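Chemist: can you look at this prediction? I've put the sequence above it.
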Amino acid sequence: MRKTYEPDSQFVERLEWQLASEYRRTKRMKSAGKIAVPRRIVTITFLIGALLTGVAAIKAAETIKDSWRKKIEVARVETDVKLKTAHLEATREMSARAERLVSIGMIQPEEYQVMKLGTEKATWDLKRSLLVLDEVKISGLVPRNELSAPLVGGRDFVSDRLKIEKKVIELDLELLESHLGRFQQLLKTAMVPGDQVDRIQAEIAARKGTIDMIQERLDLRKRLVAGEITAQEVEIKDRLAGAEDRYRQAQTRVETLKEQLIRLQALEAIGMVSATEVKQLQYALDAAQAELQLAALEKDVLEKLR
Amino acid sequence: MTEQQLLQTYRETVHPLYGYLAKRTGGNRALTEDIVQEAYLRALESWNPRTVPESPLAWLKRVARNLLIDYLRQKRREQSPAGDPDPAGGRQTAGDPFESLEIFLAVTSLGRKKARILEAFYYDGLSVREIAAEMAISERAVEGSLRRARQALKSLLPHSEPKGGEDA
């Protein structure tokens, strides 16, 4: 037989895997859904089902090409949801254990706070995956995250995902701010070096910048959905916002590194640190400055486009 | 039907089903894979311990063939006069005109008996003797039917000549 008429071995394996998964899924659903239903309801359901099957048959020819990809994508996201669920359960357990330990003074409250934050982040992470699953089930396509992406089944999944993204960063920020307060106290008593506080401040500034950027994206999306601006305008504005964010972040990094370099050079002069350490920091500063220039260039180009 | 039985049936039928369909799609891999996959998913929905067909391969072939015809008809309806004339969205490059989806669609529109005999001869590669045995008719009758089917197809496809000619 000619090779054209032979299936690809990868296709054969994938389909076998898919059939086995579908078989198990159907079986699980059947066993989970076994409840006593009145005969009348069964009859009505059957009639509705028959009508729907008719409609589905008409649509079948259209959807046939996408069905394989859709099922694969749904299976992928379902797996992701399972993993995230398991992760959430594990973090919940750890958090509960930490709560017990902190109550008897075995661990620091800060450690418990980190665990608690981990649980909250895992919860939002799962919510995000469930959102993706909903979208994939409706569209059958890999979700699009561009601001100019269309609504799916009348739902604005892009905004929903952005809100979750923002929430997660806000949680991070909350933790960093509590760390900063504690470190500032410790700095007064010279228990921690000053650069640690600088680093936290830089991270806080970066998180705040990202939150602002997400909020800007949410506003843009809202205006697009309301029909106030076109998809093209959104695309340029979004890219510009991204470039501005990268510029801000690079600027913060450059400033922090410059301060650190001055301190390190002073320590090098009195022989407290080696020249290699200073050189390393100098390289990091050069890289940050290059990033800053690149972001400025990008901003410039996009502003002209606007 | 247990999972093991399902997979066993799958392994036994996937190659012949793919071959059966690929000959009809002119070797269009993407289309063949989509339809093969859809046929098995339909089987998964339809088959249960009481309704597993006696010949799963025959069932799958029939479903796959119907899916292909539905798909091609749908595509043809969607085509505008100035649009892409190829129902597969990409013209077949193989030289054999019988590998064309358009010809397959024309074959299926000839009527059940003519389509069956042409498909058996050209797509499935059966000999006149084998077709005669399968259809329980004489070899002479098969030859006559083949000739008439070819003529009917020729009138549908004025620019194409099926491989094998009148003496096939």
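Modeler: In hand now; what should we look at?
Chemist: show me where the stretch 101-250 of chain A has its helices.
Modeler: Using DSSP state H, counting those that start in this stretch, the helices of the stretch 101-250 of chain A run over A:109-139, A:157-188, A:194-225, A:231-269.
Chemist: which of the residues in the first one are buried?
Modeler: Along helix A:109-139, these residues count as buried under the neighbour rule (16 or more other C-beta atoms under 10 Å in any protein chain shown): A:112-113, A:115-129, A:131-136, A:139. Where C-beta positions appear, they are placed from N, C-alpha and C, glycine not excepted.
Chemist: tell me, what residue is most central in chain B?
Modeler: Centroid check for chain B by C-alpha atoms, centre = their mean gives B:Arg24 as the closest residue, at 4.5 Å.
Chemist: please give the number of neighbouring residues around residue 5.
Modeler: Because you didn't say which chain, this covers chain A. A count of neighbours around A:Tyr5, defined by other C-beta atoms under 10 Å in any protein chain shown, yields 17.
Chemist: you looked at the wrong chain, it should be chain B
Modeler: Residues lying near B:Gln5 (other C-beta under 10 Å) number 12.
Chemist: so where does it fall, helix or strand?
Modeler: In this structure, B:Gln5 sits in helix B:3-24 according to DSSP states H and E.
Chemist: between the very next helix or strand once past that helix and helix B:3-24, how big is the angle?
Modeler: With elements assigned by DSSP H and E, the helix or strand that comes after helix B:3-24 is helix B:29-46. Angle, helix B:29-46 to helix B:3-24, by axes from the mean of the first three to the mean of the last three C-alpha atoms, to 10 degrees: 140 degrees.
Chemist: convert the C-alpha atoms of helix B:29-46 to PDB, please.
Modeler: Extracted C-alpha coordinates of helix B:29-46, given in PDB (Å, rounded to 0.1, in the frame of the first residue of the first chain):
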ATOM      1  CA  ARG B  29      -3.800  13.800   5.300                       C
ATOM      2  CA  ALA B  30      -5.400  16.500   7.400                       C
ATOM      3  CA  LEU B  31      -8.900  15.800   6.200                       C
ATOM      4  CA  THR B  32      -8.400  12.000   6.500                       C
ATOM      5  CA  GLU B  33      -7.200  12.300  10.000                       C
ATOM      6  CA  ASP B  34     -10.000  14.600  11.000                       C
ATOM      7  CA  ILE B  35     -12.600  12.300   9.600                       C
ATOM      8  CA  VAL B  36     -11.000   9.100  11.000                       C
ATOM      9  CA  GLN B  37     -10.900  10.700  14.400                       C
ATOM     10  CA  GLU B  38     -14.500  11.900  14.200                       C
ATOM     11  CA  ALA B  39     -15.700   8.400  13.100                       C
ATOM     12  CA  TYR B  40     -14.100   6.800  16.200                       C
ATOM     13  CA  LEU B  41     -15.600   9.500  18.500                       C
ATOM     14  CA  ARG B  42     -19.000   8.700  17.000                       C
ATOM     15  CA  ALA B  43     -18.400   5.000  17.600                       C
ATOM     16  CA  LEU B  44     -17.500   5.800  21.200                       C
ATOM     17  CA  GLU B  45     -20.800   7.600  21.600                       C
ATOM     18  CA  SER B  46     -22.900   5.000  19.700                       C
END
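Chemist: with chain A in mind, check whether the following helix or strand past it reaches it.
Modeler: Downstream of helix B:29-46, the next assigned helix or strand under DSSP H and E is helix B:56-78. Yes - residues of helix B:56-78 contacting chain A under C-beta under 8 Å from any C-beta of the partner chain: B:Leu67, B:Asp70, B:Tyr71, B:Arg73, B:Gln74, B:Lys75.
Chemist: is chain A within reach of the helix or strand bottoming out on mean pLDDT in chain B?
Modeler: Ranked by mean pLDDT, DSSP states H and E, the weakest helix or strand in chain B is helix B:101-108, scoring a mean of 82. No - Helix B:101-108 is not in contact with chain A by C-beta under 8 Å from any C-beta; minimum separation 12.8 Å.
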